[in-house]
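J.: can you look at this prediction? I've put the sequence above it.
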Amino acid sequence: MDNHSSQKKTHKKLRNWLITFAIIIVVSVVSLWPTDYFIESPGQAFEVGQFMETKRKKSNNLYMVTVSVTSRPANVLQYLWSYTQPFDSRTPSSELLGNQTSSQYEELQNWYMETSQQNAIYYAAKKAGLKPKLKYLGVYVMDIQKNSSFKNKLQIGDTVLGTNGHRFHSTRQMQNYLNSQKAGSTVKILVMRNKAKKTFTGKIVKLSNSNRKGIGIQLVEHVDVQTKPALSINAENIGGSSAGLMFSLESYQIFTKQNLTKNHKVAGTGTIDPTGKVGIIGGVDKKVVAANKAGAEVFFAPTDRSGVKKSETNYEVAKRTAKRIHSKMKIVPVANFEDALSYLQKHY
């Protein structure tokens, strides 16, 4: 009887252990199951000077800030954990990527970053009294029409360098050449992708919403800014255009041989265009958190109202965020490059 009772206890323990093990396996599988959401959270603050390539002296006093985005859709555990982090947000993949693949999205972010760098150097050089030159390289592929015969050949972020052996000096020249060809005729294009040249052959097609002809792509001009002294920016794996303002301030420091902040730590965000206008960006609350953590004393925030009401501008959101985290960091509104420059010249 005792032996039978002992066996029952052993079987019961084994059954409970198997049930517990099964539950652990199920919970683990469910926890690691991917969702359709990317998690965005506060990133890091980086000294802008470290990305500047020049023979002139650089000042490590200006900081750009980033938003951290998961490299792939979050699993269930990451998704649930994000609700415990006050500045984490969950973005559906359809909203973040649109109709693009992850690699196409990354290429587009690289284009945004390169464009912001070129705009920053160009405007800073002009502001410093230099005469920057624009060297035409080709056109970026931003989208591809459904009727384009290059649809499964070209990729977003490719640079079209020339067609049928012709190299051009402007986007208009290339567009006019393509428009002069007969619809349906064969065309060979030269493309730069990831620093490697490739050639593709396709057909001339009618362009959407236009009477003109071409290869069926949405494009943006790809130029390289050349200055004396020479200056370039290499932001490595950081993408996006939100560092434009800080790149332009650092470029201006280099061109004018100034230290605009007298070594005070200044961070900020905002796009920059060739006229010096500072544009709205995403995730400003996360960038305020990152800048505060890095010990920044000042944070430049765009007042641009493109597509948002006044209470939702980057500046207003940044102010609310700084108050929420009890930061002593000064939030400074900027509409253009001059606003940021004037603040630095007045206070330092």
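T.: Cool, got the structure.
J.: what's the burial count for Asn119?
T.: If you count neighbours by other CB atoms under 10 Å, Asn119 ends up with 22. All C-beta spots, glycine's among them, are computed from the backbone N, C-alpha and C.
J.: what of Ser185?
T.: 10.
J.: same question, Ser248
T.: Ser248: 29 neighbours (other CB under 10 Å).
J.: from Gln145, how far out is it?
T.: With distances taken as CB to CB, to the nearest Å, Ser248 is found 35 Å from Gln145.
J.: kindly report the same for Thr20.
T.: On the measure of CB to CB, Thr20 and Gln145 end up 57 Å apart.
J.: look at these two and report which has more neighbours.
T.: Gln145 (17 against 10).
J.: now stretch 142-159: buried residues?
T.: 143-145, 148-150, 153-159 (16 or more other CB atoms under 10 Å).
J.: compute the first-to-last residue distance for it.
T.: Chord length of stretch 142-159, first to last residue, is 10 Å (CA to CA, to the nearest Å).
J.: quick one: it to chain centroid distance?
T.: For stretch 142-159, the separation from the chain centroid amounts to 21 Å (computed by CA atoms, centre = their mean, to the nearest Å).
J.: contacts for it?
T.: 100, 103-104, 107-108, 110-111, 137-141, 160, 189, 191-193, 200, 202-203, 205-208, 215-220, 222 (CB atoms under 8 Å, 6 or more residues apart in numbering).
J.: which ones among the residues you listed are found in helices?
T.: 103-104, 107-108, 110-111 (DSSP state H).
J.: as a check, name the ranges of all helices in the stretch 1-150 of the chain.
T.: 2-32, 76-82, 93-97, 102-127 (DSSP state H, counting those that start in this stretch).
J.: just checking, what packs against the last one?
T.: What that stands for is helix 102-127. The elements that helix 102-127 packs onto, with contact taken as 3 or more CB pairs under 8 Å, 6 or more residues apart in numbering; DSSP states H and E, are helix 93-97, strand 133-144, strand 217-226, strand 232-233, helix 244-256, strand 271-272, helix 337-347.
J.: make a markdown table from the ones you listed and add mean pLDDT and distance to Gln44 to it.
T.: Output for the helices and strands packed on helix 102-127, formatted as a markdown table (pLDDT from 0 to 100; distance: least, CB to CB, whole Å):
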| stretch | mean pLDDT | distance to Gln44 |
| --- | --- | --- |
| helix 93-97 | 83 | 20 |
| strand 133-144 | 86 | 28 |
| strand 217-226 | 85 | 27 |
| strand 232-233 | 92 | 18 |
| helix 244-256 | 96 | 14 |
| strand 271-272 | 92 | 19 |
| helix 337-347 | 96 | 21 |
